[in-house]
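Peer 1: Next comes the sequence, and after it the predicted model I'd like to discuss.
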Amino acid sequence: MIASVEVLDTPKYSVEHLFDKEINGILIENFETSSKAKGLEKYLRHCAISDEVEFASRRGRVCAGSCETNV
């Protein structure tokens, strides 16, 4: 388990909590990947927000309960 992570924010790359800004949820729901990374796209579009609400990402669980991945 990672206790803390240090990230250097740059003009092109930054890290922020999913709920820091309303636009983050919109961006995640519209996230697109190449055909080789559709699993990531499905997770972000359909699971990331519910996992964050349920704190599943902090318990080591992925796509907890309310998430539908067969979309």
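Peer 2: That came in fine, so what should we check first? Residues are numbered from 1 along each chain as shown.
Peer 1: who does the helix-or-strand element of the chain with minimal mean pLDDT touch, helix- and strand-wise?
Peer 2: In the chain, the helix or strand scored least confidently by mean pLDDT, DSSP states H and E is helix 48-53, which has a mean of 83. The contact analysis (3 or more C-beta pairs under 8 Å, 6 or more residues apart in numbering; DSSP states H and E) places helix 48-53 against helix 22-29. (C-beta placed from N, C-alpha, C; glycine too.)
Peer 1: Which elements pack onto the helix it packs on?
Peer 2: Using 3+ C-beta pairs under 8 Å, 6+ apart as the contact test, the elements touching helix 22-29 are helix 38-46, helix 48-53.
Peer 1: Distance from the first one to the middle of the chain?
Peer 2: Which is helix 38-46. 8 Å (C-alpha atoms, centre = their mean, to the nearest Å).
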